[in-house]
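Engineer: how would this look folded up:
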Amino acid sequence: MDEDGSVFIFMTSGPDTPQRCATPFYMANIAAVMDNEVKIVFQIDGVLLAKKGVAENLKALEGGKLIIDFLRDAKEAGVELYCCSAALDLHNMTKDDLIDEIDDVVGAAWMMDEALSADVVLNY
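Structural biologist: Okay, the predicted model is just below:
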């Protein structure tokens, strides 16, 4: 893949703010289609979106597309998805609780390294 750049997204919003949960995946999808390397890390309440059964039943807009569909569109475009290990602990979750689309569980040092080397860093 000819990469134009890299985008790193911190996804901190969760199911309590559904209106904030579609845009990060939509923007990641667009960036990936534009030949950028894109990674999303779920942090704080964002990890709840990666919990089995949550994104499959959540919409940003009543009558709209499910959050899991936005997430899967981004994944199909090549976006890599990660979960913060501390945020999993915060919500009493383990790797077994996560949807199959998650690539790995990562720590703070990995997240900082990725953010510092990215061309663009977004926070939702």
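Engineer: give me every residue that touches residue 123.
Structural biologist: Residue 123 is in contact with 9-10, 12, counting by C-beta atoms under 8 Å, 6 or more residues apart in numbering. Yep, even glycine has a C-beta here, placed from its N, CA and C like the rest.
Engineer: which one of those residues sits closest to residue 77?
Structural biologist: Lowest distance from residue 77 to the contacts of residue 123 (C-beta to C-beta) belongs to residue 9, with 13.2 Å.
Engineer: Against residue 30, how distant is residue 19?
Structural biologist: 19 Å (C-beta to C-beta, to the nearest Å).
Engineer: okay, the two: which has more neighbours?
Structural biologist: residue 30 (14 against 10; other C-beta atoms under 10 Å).
Engineer: Is the nearest residue to residue 75 once chain neighbours are set aside in a helix, a strand, or coil?
Structural biologist: Distances taken as C-beta to C-beta, 6 or more residues apart in numbering place residue 101 nearest to residue 75, at 5.0 Å, with adjacent residues excluded. Classification of residue 101 using DSSP: H, G, I helix; E, B strand; the rest coil returns coil.
Engineer: Residue 22 against residue 58, yeah?
Structural biologist: No: using C-beta atoms under 8 Å as the test, residue 22 is too far from residue 58 to be in contact (9.2 Å).
Engineer: overlap in contacts of the two?
Structural biologist: Both residue 22 and residue 58 are in contact with residue 67, where contact means C-beta under 8 Å, 6+ apart.
Engineer: Just want to know which of these two has more residues nearby.
Structural biologist: Neighbours per residue (other C-beta under 10 Å) separate residue 22 from residue 58, with residue 22 holding more: 21 against 18.
Engineer: what about that one, distance to residue 116?
Structural biologist: Per C-beta to C-beta, residue 22 is found 27 Å from residue 116.
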